[in-house]
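Peer 1: Provide a 3D model corresponding to the input given below.
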Amino acid sequence: MKKTNILVIGIAMSVIFCGIVSLQAVNYGSDVMGSEATVVSRTPQQHEQQDTKILIYVLSTRDDSNWWYTGPKDLDSLIELLGSKGYAVSVEDKVSLPYINISKMLGFDQVWIVEGDHDPEPEISDSEAQDLQQFYEQGGRIWISMETDSWAEDALIFAEKFGVVDAPTVYSLSKYEHKYKPVYSEHPLFTNMSGILFDHDVGALSILNPEIQTIWFYPSTEGPTPGVAILDGTSYKKGRVIFDSGWVLGGTFNNSAVKRWGIDRAGEFPISQDLQFALNVANWLGAAAPIVSITTDEFEYSTADTMTITIDIVNPTEDSVAFQWYWGVPQYRIWLPVTTSASIPAGYDVTVDLNFTIPDWGSRPFGNVFYVQLLDATGEVLDADAACWAYSPSGEAMPEEKVDIAKEIKKTIEKVDIAKEIKKTIEMIE
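Peer 2: Residues are numbered from 1 along each chain as shown. Below you'll find the predicted structure:
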């Protein structure tokens, strides 16, 4: 389902909704455009929280990293933190999992990849990288944490599939600044953070994909340098990807080598900041997005046929969203809203089945578009979908000139206050 940039349209034919408690039907009678419209809506369901499964894949054989990574136990602090927040974490490396594929990835909600060795030879195959991209295409959530040169050659094979390539090594303005860089960002990835443990001599993210957004730059000899970037494909029913060029996930390792490296000027090891970043990563990657879809049971309809429209609305967020529905008849340049003000409460999962008898719309066939979308409080489109169908006259249809379709649509809209019906049903639920 894509974030659609159609200037769409609407008509109402009856009532649609978002959640009548217990299965029930609402009949608006045969006076609506000479047809009968019936809405059946199923009981909304609260989403049950389930543990999010995270796979952390360290690209190391444990003996090729100069002790920067010695084994899964290095991530005990991170595993403990994430576990306390409801995340189920598994750690694999090139010893326990020499080759990763899509079957392995699909057993998890999130896959985190961190460069873990210190050699310049790539050890990741193109098929593994393609599988990670497929995981993203199927809605998977990913974090790729790397550095540069011999600390990026494997992770870069994964990153390049998304349009992130290596860049020349850059240097911090001060030898101390690499220890603990301040962050100034309102992005959720930096919630409760004043700084970040970010490696000093790093390859900046070189981004070729225009859909990737840099959300944090760090000061270097080359000026503001891309350090953390994101790819958010949730509006297209894809996943999310985070890229960092400072080995931030490595900064959470709880071993002696990382501790020595991470000591700042005050003699403190600010691992808590990278642990906080990792928690923010888990939260942001795992954030569920509202979903809306609309379908019809057939493509072509004639007078007296019954159309069944199914609308699914899922709002797993903590905020209400606005539901809008439009009906368009492009051949007649008709673009009218069915509803633009229906509020969908947080946490609800609703399916609406609407049955509509096609009236006599004249002797000329024409195409129709049903377009639905969900918006947040700022008006940003969170999700959208469209269903196309065709009216095909049959039998003794009225002459085209006797049917004012736009007028009939407006009559129907006047008869049905969808927003009001939604409000009623929400009050019944509460």
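Peer 1: so where is the stretch 301-430 of the chain shaky, pLDDT-wise?
Peer 2: For the stretch 301-430 of the chain, the stretches with pLDDT under 70 are 395-403, 408-430.
Peer 1: can you give me the strands in it?
Peer 2: Per DSSP state E, counting those that start in this stretch, the stretch 301-430 of the chain carries strands over the ranges 306-315, 321-329, 334-344, 348-357, 366-375, 381-391.
Peer 1: Show me what the second one is packed against.
Peer 2: For strand 321-329, the helices and strands in contact under the criterion 3 or more CB pairs under 8 Å, 6 or more residues apart in numbering; DSSP states H and E are strand 306-315, strand 334-344, strand 366-375. Quick note: C-beta positions are derived from backbone N, CA and C, even for glycine.
Peer 1: what angle separates that strand from strand 381-391?
Peer 2: Counting by axes from the mean of the first three to the mean of the last three CA atoms, to 10 degrees, strand 321-329 lies at 30 degrees to strand 381-391.
Peer 1: With the fifth one instead?
Peer 2: Taking the same axes, to 10 degrees, one finds that strand 366-375 is oriented at 160 degrees with respect to strand 381-391.
Peer 1: Redo the strands of the stretch 301-430 of the chain as a markdown table? Include distance to Ser84 and mean neighbour count.
Peer 2: Formatted as a markdown table, those follow (distance: least, CB to CB, whole Å; neighbours: other CB atoms under 10 Å):
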| stretch | distance to Ser84 | mean neighbour count |
| --- | --- | --- |
| strand 306-315 | 27 | 20 |
| strand 321-329 | 30 | 22 |
| strand 334-344 | 32 | 19 |
| strand 348-357 | 28 | 20 |
| strand 366-375 | 32 | 21 |
| strand 381-391 | 30 | 18 |
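Peer 1: Mind putting those strands into TSV with distance to Lys73?
Peer 2: Shown next, in TSV, are these (distance: least, CB to CB, whole Å):
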stretch	distance to Lys73
strand 306-315	39
strand 321-329	43
strand 334-344	46
strand 348-357	40
strand 366-375	44
strand 381-391	41
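Peer 1: And those strands: which comes nearest Leu285?
Peer 2: strand 381-391 (17.1 Å; CB to CB).
Peer 1: Out of the helices and strands packed on strand 321-329, which gets nearest to Asn66?
Peer 2: Nearest of the helices and strands packed on strand 321-329 (CB to CB): strand 306-315, 47.7 Å.
Peer 1: Which secondary structure elements does that closest one sit against?
Peer 2: Using 3+ CB pairs under 8 Å, 6+ apart as the test, strand 306-315 ends up in contact with strand 291-296, strand 321-329, strand 348-357, strand 366-375.
Peer 1: I'd like the helices and strands packed on strand 321-329 as a markdown table, with distance to Ser185 appended.
Peer 2: Shown next, in a markdown table, are those (distance: least, CB to CB, whole Å):
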| stretch | distance to Ser185 |
| --- | --- |
| strand 306-315 | 27 |
| strand 334-344 | 30 |
| strand 366-375 | 25 |
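Peer 1: so which of those comes closest to Pro98?
Peer 2: Using CB to CB, the nearest of the helices and strands packed on strand 321-329 to Pro98 is strand 306-315, at 38.5 Å.
Peer 1: Relative to Ile124, which of the helices and strands packed on strand 306-315 is closest?
Peer 2: strand 291-296 (33.1 Å).
Peer 1: Each with direction, which strands does that closest one pair with?
Peer 2: Strand 291-296 has its sheet partners listed here by DSSP bridges as strand 306-315 (antiparallel).
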